[in-house]
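# structure here, sequence nowhere to be found:
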């Protein structure tokens, strides 16, 4: 078993090398010269082993060291063991770095590792996606040269990282930046996408503002009539008018609350399982009778339906979408308007469209029609009982079916509300019994 080299062993080797010189010197004389030759031989042997070591370290790339003898054997073996330990540590360190990078890639945040000067030496995939970084092209680049925002530069230079920095990027994303010193001279920069959070907060503020505004009017009317009835006894036409108006406002609030509940239920619904068969032709036959009753002969309504075109989807959500589009066409077009409702198959899938030749919708209103509580003509919408929520319900119901509402309008020519469901959602036609046989 090899042991650590000691001075005793070196001294023993030197004495063993001098023994032959001592014997020869005693026999033939010239003892000092024989001793000098033996010492020079020992030095030459050590120089030869040094050359072997140098060749192995600088030229030979193999793991196996040269075979040493005597005092050089433990040295070569020790170097070999040290190299094995270093390789094992490098392998462990490499595995640790791989696990760290794999974990960082799995994070829902953008992660960038930089020096205190801001030079990037690693970033994950989300950092490339959200911040526009390129890896490994941006390795060594200063992050301030890549993210040119005054607030971000000021945040890094002040080095006050107790609070996060929220920044709106050029791509309109809201990102929350946090910087944490995690090693000497190095920073861990984490950027979280909070765009949806800001959108939800804005939608929540708008929602409550709109709801309070929509409920204020009927409540004010009810309160006014109740105060009148409390101050004086209403009789005859005045009493009938008051009761009729209060009933209208009550129905309006009831309709508003129902539509709000429908919209909230559709928005809060998780990704639906599109395996339910929906009989759209049957649904449209019911809607045709309801639309004709609602129109009361004021419109010219035509339905064009493929009686065999059924789809996979959510029955309740598709019913809400179709009924809102059909009712809107009746409620928001003047008498004498021709309304065409079609449910047919084309090369893009199952296509539904509601067309009318009414006055049309101005171009500037079309992008905002699916917003909650948005109305083109607020006075007319309130007169017809519209809440401004119908098309918002349609939009979210269609989004659950991977579709969207397309709106086009040419004044006094044609206004069209349409959507298409993908071919994969169409229920295959069933073969007749005699064909199966």
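Structure's in. What do you need? Note that the structure is predicted; figures quoted are calculated from it, not measured. Numbering: from 1, shown residues only.

# strands of the stretch 51-200 of the chain, start to end?
110-115, 120-123, 165-168, 174-183, 186-193 (DSSP state E, counting those that start in this stretch).

# could you export those as a markdown table, including distance to residue 232?
(C-beta placed from N, C-alpha, C; glycine too.) Shown next, in a markdown table, are the strands of the stretch 51-200 of the chain (distance: least, CB to CB, whole Å):
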| stretch | distance to residue 232 |
| --- | --- |
| strand 110-115 | 69 |
| strand 120-123 | 76 |
| strand 165-168 | 58 |
| strand 174-183 | 57 |
| strand 186-193 | 61 |
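
# quick check: which of those is buried the most?
strand 110-115 (a mean of 21; mean count of other CB atoms under 10 Å).

# ok, it: who's next to it in the sheet?
strand 120-123 (antiparallel), strand 186-193 (antiparallel) (DSSP bridges).

# who touches the first one?
Meaning strand 120-123. 101, 110-115, 131, 133, 135, 138-143, 146 (CB atoms under 8 Å, 6 or more residues apart in numbering).

# 6 Å instead?
112-114, 133, 135, 138, 141, 143 (CB atoms under 6 Å, 6 or more residues apart in numbering).

# so what does the helix or strand containing residue 36 touch, helix or strand wise?
For residue 36, the host element (DSSP states H and E) is helix 31-58. In terms of contacts (3 or more CB pairs under 6 Å, 6 or more residues apart in numbering; DSSP states H and E), helix 31-58 is packed against helix 7-28.

# now the angle between helix 31-58 and the helix it packs on, please.
140 degrees (axes from the mean of the first three to the mean of the last three CA atoms, to 10 degrees).

# and the longest helix for this protein?
helix 195-231 (DSSP state H).

# quick one: which helix or strand includes residue 335?
With DSSP H and E as criterion, residue 335 is part of no helix or strand.

# which residues touch it?
Counted by CB under 6 Å, 6+ apart, residue 335 has contacts residue 298.

# 8 Å instead, please
298-299.

# what about the helices in the stretch 301-437 of the chain?
Counting by DSSP state H, counting those that start in this stretch, residue ranges of the helices within the stretch 301-437 of the chain are 315-331, 378-383, 390-399, 433-436.

# just put the contacts of strand 120-123 in JSON lines and tack on distance to residue 426 and pLDDT.
Shown next, in JSON lines, are these (distance: CB to CB, whole Å; pLDDT from 0 to 100):
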{"residue": "112", "distance to residue 426": "47", "pLDDT": "92"}
{"residue": "113", "distance to residue 426": "50", "pLDDT": "90"}
{"residue": "114", "distance to residue 426": "52", "pLDDT": "92"}
{"residue": "133", "distance to residue 426": "43", "pLDDT": "90"}
{"residue": "135", "distance to residue 426": "43", "pLDDT": "87"}
{"residue": "138", "distance to residue 426": "47", "pLDDT": "91"}
{"residue": "141", "distance to residue 426": "51", "pLDDT": "92"}
{"residue": "143", "distance to residue 426": "50", "pLDDT": "91"}
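
# and which of those residues is nearest to residue 288?
Ranked by distance to residue 288 (CB to CB), those are led by residue 133 at 56.6 Å.

# what about the closest one, how many residues nearby?
When neighbours are counted by other CB atoms under 10 Å, residue 133 registers 22.

# cool, residue 308 as well?
10.

# please verify my assumption that it contacts residue 426.
No. Under the criterion of CB atoms under 8 Å, residue 308 is not in contact with residue 426, lying 10.1 Å apart.

# just for the protein, where's the confidence low?
1-5, 203, 207, 210, 213-214, 267-271, 377-387, 430-437 (pLDDT under 70).

# all strands of the stretch 301-437 of the chain, in order?
Assigned by DSSP E, counting those that start in this stretch, the stretch 301-437 of the chain shows strands spanning 311-312, 338-346, 349-356, 406-410, 414-421.

# so which of those comes closest to residue 88?
Per CB to CB, nearest to residue 88 of the strands of the stretch 301-437 of the chain: strand 311-312, 57.1 Å.

# which other helices and strands contact the following helix or strand past the longest helix of the chain?
Using DSSP H and E, the helix or strand that follows helix 195-231 in sequence is helix 236-268. Using 3 or more CB pairs under 8 Å, 6 or more residues apart in numbering; DSSP states H and E, the elements in contact with helix 236-268 are helix 195-231, helix 315-331, helix 390-399.

# please identify which of these is closest to residue 355.
Ranking the helices and strands packed on helix 236-268 by proximity to residue 355 (CB to CB) places helix 315-331 first, at 8.3 Å.

# sorry, back to before: show me what the longest helix of the chain is packed up against.
So helix 195-231, by 3+ CB pairs under 8 Å, 6+ apart, packs with strand 174-183, helix 236-268.

# tilt between that helix and strand 174-183?
Going by the same axes, to 10 degrees, helix 195-231 makes 130 degrees with strand 174-183.

# beta partners of residue 175?
Here residue 175, judged by DSSP bridges, has bridge partners residue 167, residue 193.

# my guess is it contacts residue 130. True?
Yes. At 6.4 Å, residue 175 counts as touching residue 130 under the criterion of CB under 8 Å.

# what touches both of those two?
What both residue 175 and residue 130 touch, as defined by CB under 8 Å, 6+ apart, is the set 110, 169, 191, 193.

# for stretch 94-107, buried residues please.
residue 104 (16 or more other CB atoms under 10 Å).

# my bad, stretch 63-71
65, 68, 70-71.

# nearest to residue 165 among these?
residue 65 (55.0 Å).

# tally of neighbours for the closest residue to residue 140 other than its chain neighbours?
In this structure, residue 140 finds its nearest non-sequential neighbour in residue 119, 5.8 Å apart by CB to CB, 6 or more residues apart in numbering. Using other CB under 10 Å, residue 119 has 17 neighbouring residues.

# same check on the one 5 residues further on?
Counted with other CB under 10 Å, the burial measure for residue 124 works out to 21 neighbours.

# tally of neighbours for residue 393?
There are 24 residues near residue 393, going by other CB under 10 Å.

# ok, now which ones touch residue 43?
Contacts of residue 43 (CB under 8 Å, 6+ apart): none.

# how near is it to residue 37?
11 Å (CB to CB, to the nearest Å).

# outline the domain layout of this structure.
Domain ranges of the chain: 108-193, 208-268, 277-425, per automatic domain parsing.

# tell me which of those domains sits most buried.
The most buried one of these (mean count of other CB under 10 Å) is domain 277-425, showing a mean of 17.

# quote the end-to-end distance of that one.
In domain 277-425, first residue to last residue: 9 Å (CA to CA, to the nearest Å).
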